[in-house]
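**Q** Sequence plus the predicted model coming up.
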Amino acid sequence: MLTRIASAIVSLTLLCGEASAQELTTIRFSLGWKVRGADAPFLYAKEHGLFKAEGLNVILDQGEGSSATVTRVMSGAYDAGLGDINAIIQSAATRPQEAPVMVYNVYSQSPFAIVTKKNGGIKTIKDLEGHTLGGAQGTPTTRLIEVFARRNGLDMNKIKITNMAPNLQEPMLLKGDVDGALVFNITSYFNLVLNRQDPDKDFTWLSFDDYGVDLYSNGVMVSRKLIATNPKAVTGLVRAINKGMTAVAKDQNAGMKLVMENDSLLDAAVEKRRLQYSFERLIMSPEMNEIGIGDVKDQRLAKSIDTIVEGYQLPRTPAPGEIFTREFLPPKSDRMLAYTPN
């Protein structure tokens with residue numbers, strides 16, 4: 001009798017477990033690139049059950065670039081992802097009903113920069129004239145260099161741009177084949193580190209933000225279909241990611257444990273440094289301290305949209321509400337990061 005009761009209890013438990021699993025909403029999520037230290041908050045949210053607690057089965061896949069995330073979501077292959085808000089602006093200008101919407105901004109400061117060797121003869125932005133810059137075709141830094149030049153009174157006729165693959169920028173800069181590179185700083189900085197260079201001591205970083213090209217960058221975007229059909233899932237996704245972000249801000253070691261479990265061949269010290277760089281150089285800012293992570297300032301976003309329209313010569317100017325919504329954000333009190341390097 002007891003055996004039959006025990007068997008019934010086990011069967012009931014298994015059935016309940018299967019039912020619970022079936023009730024989870026699957027969200028296919030594209031990261032910006034191969035998993036690296038800066039992705040720790042997303043891994044934390046998954047491995048610590050934060051997505052599951054929201055009724056979600058989030059499948060995290062490596063990406064093909066922060067701009068490519070937009071294409072992936074628009075194609076229907078992914079429901080959400082981590083990508084560049086400026087790529088959303090480009091898509092929304094021509095395909096407004098298909099472009100994804102950003103629901104949680106991560107990078108309050110943009111990563112777009114020009115990196116030069118300190119002994120290479122470029123000490124100020126005016127010194128860019130008469131020199132050669134290497135850029136990867138189609139990237140925001142390369143596409144916006146003419147806007148950068150106009151806003152700083154530079155003559156583009158005196159600046160040569162050499163197109164190259166992204167992975168060749170740092171090697172060609174080190175060899176002296178180009179005098180500067182148009183880069184995504186969190187990538188380039190650590191490419192230099194992995195090439196046994198000192199990015200702070202031996203290189204100059206001219207951030208677009210500091211020279212009149214003030215943009216947002218990476219954040220969480222979702223498809224319009226997901227917003228329309230399951231807004232509750234979007235709210236849960238954002239809430240779980242926010243919890244992962246706040247947890248890793250306090251304890252980077254907890255996040256790095258998961259990064260290394262995902263890929264044991266990574267250099268743990270470099271990737272932890274990359275994670276902390278993402279917080280210190282891109283996430284944390286006076287603006288973020290004012291409005292919390294995840295949100296944007298509408299006026300700044302409107303100006304950045306104008307910049308992208310100018311730089312990419314887009315046929316129309318999307319409204320900020322087409323690009324970003326704060327509808328799914330947790331309360332501001334839950335989005336105030338207490339970042340502590342450890």
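**A** That came through, no problem. Fair warning: this is a prediction, and the values are worked out from it, not measured in the lab.
**Q** ok, which stretches of the stretch 51-200 of the chain are strands?
**A** Ranges of strands within the stretch 51-200 of the chain are 56-61, 80-84, 101-105, 112-117, 132-135, 160-163, 180-184, based on DSSP state E, counting those that start in this stretch.
**Q** For those, give me CSV that also has distance to residue 336 and mean neighbour count.
**A** C-beta here means a position set from N, CA and C on the backbone, and glycine is covered the same way. Shown next, in CSV, are the strands of the stretch 51-200 of the chain (distance: least, Cβ to Cβ, whole Å; neighbours: other Cβ atoms under 10 Å):
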stretch, distance to residue 336, mean neighbour count
strand 56-61, 24, 19
strand 80-84, 21, 28
strand 101-105, 14, 25
strand 112-117, 26, 24
strand 132-135, 37, 22
strand 160-163, 41, 14
strand 180-184, 27, 27
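**Q** of all these, which lies closest to residue 263?
**A** strand 56-61 (12.7 Å; Cβ to Cβ).
**Q** Within the sheet, what are the partner strands of the closest one, with directions?
**A** Partner strands for strand 56-61, per DSSP bridges, with pairing direction: strand 25-30 (parallel).
**Q** okay, stretch 301-316 in PDB with CA atoms only?
**A** Extracted as PDB, the C-alpha positions of stretch 301-316 are listed here (Å, rounded to 0.1, in the frame of the first residue of the first chain):
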ATOM      1  CA  LEU A 301      18.000  60.000 -27.500                       C
ATOM      2  CA  ALA A 302      16.300  62.400 -29.900                       C
ATOM      3  CA  LYS A 303      19.600  64.100 -30.600                       C
ATOM      4  CA  SER A 304      21.400  60.800 -31.100                       C
ATOM      5  CA  ILE A 305      18.700  59.800 -33.600                       C
ATOM      6  CA  ASP A 306      19.400  63.000 -35.500                       C
ATOM      7  CA  THR A 307      23.100  62.100 -35.500                       C
ATOM      8  CA  ILE A 308      22.400  58.700 -37.000                       C
ATOM      9  CA  VAL A 309      20.100  60.000 -39.600                       C
ATOM     10  CA  GLU A 310      22.800  62.500 -40.600                       C
ATOM     11  CA  GLY A 311      25.600  60.000 -40.600                       C
ATOM     12  CA  TYR A 312      23.800  57.300 -42.400                       C
ATOM     13  CA  GLN A 313      21.800  59.600 -44.600                       C
ATOM     14  CA  LEU A 314      18.500  57.900 -43.700                       C
ATOM     15  CA  PRO A 315      15.300  58.800 -45.500                       C
ATOM     16  CA  ARG A 316      13.300  59.700 -42.400                       C
END
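**Q** ok, residues contacting it?
**A** 85-86, 89-90, 93-94, 140, 143-144, 146-147, 213-216, 317-318, 320, 323-324 (Cβ atoms under 8 Å, 6 or more residues apart in numbering).
**Q** contacting residues for the residue positioned nearest the centre of the chain?
**A** With distances taken as Cα atoms, centre = their mean, residue 218 lies nearest the centre of the chain, 3.1 Å away. Residues counted as contacts of residue 218 (Cβ under 8 Å, 6+ apart) are 32, 66, 82-85, 106-107, 111, 282.
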